[in-house]
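> Below are the sequence and a predicted model; questions follow.
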Amino acid sequence: MSSNKYVAAIDQGTTSTRCIIFDHDGNQVASGQFEHEQIFPQKGWVEHDPIEIWDNTRRAVGSALADSDVASHDITAVGITNQRETTIVWDKNTGEPVYNAIVWQDTRTSELCAELSGDEGPDRWRKTTGLRINSYPSGPKIKWILDNVEGARERAEAGDLIFGTIDTWLLWNLTGGAEGDEGHPAVHATDVTNASRTLLMDLETLQWDPELCKAMDIPMSMLPEIRPSLGDFHKVRARGSLSGVPIRAVLGDQQAAMFGQGCFRPGDAKNTYGTGLFLLLNTGTTPKWSDNGLITTVCFQIEGERPVYALEGSVSMGGSLVQWLRDNLQIIPNSGQIENLAREVPDNGGVYIVPAFSGLFAPHWRPDARGVIVGLTRFANRKHLARAVLEATAYQTREVADAMVADSGVEITDLRVDGGMTMNELLMQFQADILGTNVVRPKNIETTATGAALAAGISVGYWDSLDVLRQDENATTVWKPKMEQEKVDTLYAEWQRAVKRSLNWEYDAD
């Protein structure tokens, strides 16, 4: 493969959209990135504007190409990775969304999910889908749109409305949208990793389950075709910056990060510190069911091969808690300043923050929980709050890691980490202390985009091995536990006390 050829990744996240171009050595040649608005219409509601996301995608691609002086015909393939569960319903004839995208963090469907759970409880469909019935997956969000947007259900039953997670929305628009492209209709498809987050797909058959669709009253005509993560998703439309480039991979963001970290073998695990926190463990080609509050998901599937599965612990508030400290409380001018502020005090001053802004996800799954700050005294100041924010991230990761060890029986001796928060060395050292294990950060922390690019490149033969971009062990940074065990136990016990204070707030749950 010629050295002047490249691969591109479109990384559509919760707060921004990026396009990154990679060369054959896996180096980032250029990137473009644009943030989009976070819309909060009511308490617990989180939305995005799908049109803004599509516009920002085009801008990010154009910016990356211009920055690198690379032409579209020099791009051999593009991969898409995306925030998962975020739900869009749009008119296939016009391309117009009928409502804003309902974001994965949104909790408006909590009561609906309680109704769907019935007497069997939230685990009613877990052996089919790997998921608990709650406000996290896409299915209940689709039902909410159909039930609450005027005329939506009638239009859906008439075959005019279609659904997609963000990957499907981008893929449909990239391949032509309502107009199609050169006689080819736009591709309405998703991959197995994103489909596994809907509460509508059977994990074993990798197909939409008619009984689940019926239970949620969702017309199956709305649903995209499910395809392997690495395979043929057609090519980018003739008009546009990546004209004619084949789309060869689609992966949910956390599965893409697994790819970017080289977690291809059973037992490989990583934790991503992004908007939320996501710890995944590769469990091989057989799905493993959790007894400790984790979910079962598809890790990836290469066309023509069996799918690979993972256990996942999902936490809704990670980096977004730092954003809350910056934007809502205005305690720090920018996210990078939190480490400096937190370092000005030796400890948290007895302050703990439980960021249950959207309830608690894994391993608790308590939609009734809400955020609390406990342990406040006149001694506490903004420096202690900053430190408590960082520590909450580490405590939540410890909870998920403990559940993962209990489910798998495999001790985590080295936790691979990625995401923007991993540049915070105070947090990484505290994480190692609280976990009692090494925390390992690769030189390249942008593993989500790297994973999407790697998957696309592998799919077209740009690279010929999954080992091609394995992290250079000499380029990693390792934090080792230093804190005395007695202190670790005391801090973690206090955190668990704080978590109990957050429960039963939104309503009196049994």
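On my side now, so go ahead. Residues are numbered from 1 along each chain as shown.

> Could you use CA atoms for every contact and neighbour count after this?
Will do.

> and I10, that's in a helix?
No: judged by DSSP: H, G, I helix; E, B strand; the rest coil, I10 forms no part of a helix; its state is strand.

> My read is that it contacts A64, right?
No: between I10 and A64 there is no contact under Cα atoms under 8 Å: 10.4 Å.

> Could you name every residue contacting both of the two?
Residues within reach of I10 and of A64 at once, by Cα atoms under 8 Å, 6 or more residues apart in numbering, are C19, I20.

> if you count what's nearby, which of those two comes out ahead?
Between I10 and A64, I10 has the larger neighbour count (other Cα atoms under 10 Å), namely 29 against 22.

> which regions of the stretch 401-510 of the chain sit below the pLDDT cut-off?
Low-confidence segments of the stretch 401-510 of the chain (pLDDT under 70): 465-475, 507-510.

> For it, which segments are assigned as helices?
Per DSSP state H, counting those that start in this stretch, the stretch 401-510 of the chain carries helices over the ranges 425-435, 447-459, 485-502.

> buried residues in the longest one?
Residues V488, L491, Y492, W495, A498, V499, R501, S502 are the ones in helix 485-502 that count as buried (16 or more other Cα atoms under 10 Å).

> which two in those are spaced the farthest apart?
V488 and S502 (21.6 Å; Cα to Cα).

> Contacts for the one helix or strand I373 maps to, please.
Assigned by DSSP states H and E, I373 belongs to strand 372-374. Strand 372-374 is touched from outside by V351, Y352, I353, V354, P355, A356, A498, R501, S502, with contacts defined as Cα under 8 Å, 6+ apart.

> Kindly reformat those as JSON lines and extend each row with distance to S459.
As requested, these are exported to JSON lines (distance: Cα to Cα, whole Å):
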{"residue": "V351", "distance to S459": "49"}
{"residue": "Y352", "distance to S459": "46"}
{"residue": "I353", "distance to S459": "44"}
{"residue": "V354", "distance to S459": "42"}
{"residue": "P355", "distance to S459": "40"}
{"residue": "A356", "distance to S459": "40"}
{"residue": "A498", "distance to S459": "47"}
{"residue": "R501", "distance to S459": "49"}
{"residue": "S502", "distance to S459": "46"}
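
> which one of the residues you listed is nearest R126?
Within the contacts of strand 372-374, proximity to R126 (Cα to Cα) peaks at A356, which comes in at 23.2 Å.

> Isn't the closest one up against A362?
No: the pair A356 / A362 is not scored as a contact, 11.2 Å apart, by Cα under 8 Å.

> quick one: F379 from Y492, how far?
Distance check for F379 against Y492: by Cα to Cα, to the nearest Å, it reads 21 Å.

> Verify the stated contact: V7 with D23.
Yes: here V7 lies in contact with D23, judged by Cα under 8 Å, at a distance of 6.7 Å.

> and these two? which has more neighbours close in?
Taking other Cα under 10 Å, V7 and D23 do not tie; V7 has more neighbours (27 against 17).

> if we can go back for a sec, and of the contacts of strand 372-374, the nearest to L200?
Closest to L200 out of the contacts of strand 372-374 is A356 (26.1 Å), distances taken as Cα to Cα.

> Kindly state the pLDDT recorded for that closest one?
Note for A356: predicted pLDDT of 90.

> which residues touch it?
Residues near A356 by Cα under 8 Å, 6+ apart: M317, A369, R370, G371, V372, S502.

> Now with 6 Å, please.
Residues counted as contacts of A356 (Cα atoms under 6 Å, 6 or more residues apart in numbering) are A369, R370, G371.

> And for D191?
Per Cα under 6 Å, 6+ apart, neighbours of D191: I226, R227, P228, S229, V250.

> who does it bridge with?
According to DSSP bridges, the residues that bridge with D191 are R227.

> can you pull up the bridge partners for the closest residue to V478 other than its chain neighbours?
Closest residue to V478 apart from its sequence neighbours, by Cα to Cα, 6 or more residues apart in numbering: V440 at 4.6 Å. Note on V440: beta-bridge partners by DSSP bridges are R416, V478.

> Just to check, V440 is in contact with D418?
No: the criterion here is Cα atoms under 6 Å, and V440 misses it with D418 at 8.8 Å.

> So between the two, which is more surrounded?
Neighbour totals were compared for V440 and D418, and D418 leads with 26 against 21 (other Cα under 10 Å).

> Pull up the gap between that one and D160, please.
Going from D418 to D160 by Cα to Cα gives 41 Å.

> what does L415 give?
46 Å.

> Looking at those two, which has the bigger crowd around it?
Each of L415 and D160 has its neighbours counted (other Cα under 10 Å); L415 has more, 22 against 17.

> where exactly do the strands run in the stretch 301-450 of the chain?
If DSSP state E, counting those that start in this stretch is used as the criterion, the strands of the stretch 301-450 of the chain fall at 308-315, 352-354, 372-374, 414-418, 438-441.

> From the rest of the structure, what touches the fourth one?
Under the criterion Cα under 6 Å, 6+ apart, residues K270, N271, T272, N438, V439, V440, R441, I445 lie in contact with strand 414-418.

> okay, the angle between it and helix 447-459?
Angle of strand 414-418 versus helix 447-459, following axes from the mean of the first three to the mean of the last three Cα atoms, to 10 degrees, is 90 degrees.

> Other residues contacting stretch 61-77?
5-7, 19, 30-32, 241-242, 245-247, 456.

> same deal with stretch 307-325?
For stretch 307-325, contacts defined as Cα under 6 Å, 6+ apart pick out 274-285, 287, 294-301, 331, 361-362, 393, 400.

> Among these, which lie within strands?
Secondary structure defined by DSSP state E assigns 277-284, 295-300 of the contacts of stretch 307-325 to strands.

> Which member of the residues you listed is positioned nearest L112?
L112 has its nearest neighbour among the ones in strands among the contacts of stretch 307-325 in I295, at 20.1 Å by Cα to Cα.

> shouldn't that closest one be in contact with L131?
Yes: using Cα under 6 Å, I295 is in contact with L131, at 5.4 Å.

> of those two, who's got more company?
Neighbour count, other Cα under 10 Å: between I295 and L131, L131 has more, with 27 against 23.

> Phi and psi next, for the more buried one.
Backbone torsions of L131, given as degrees, to the nearest 10, read phi -120, psi 160.

> re the thing from before, looking at the contacts of strand 414-418, which two lie furthest apart in space?
N438 and I445 (16.7 Å).

> any idea how far K288 is from the residue nearest to F264 when sequence neighbours are not counted?
Distances taken as Cα to Cα, 6+ apart put N282 closest to F264, at 7.1 Å, once the chain neighbours are dropped. From N282 across to K288, the span is 10 Å (Cα to Cα).

> any low-confidence regions in the chain?
In the chain (pLDDT under 70), the answer is 1-3, 465-475, 507-510.

> now with 80?
Across the chain, residues meeting the criterion (pLDDT under 80) sit at 1-4, 69, 180-183, 238-240, 409-413, 444-446, 464-476, 506-510.
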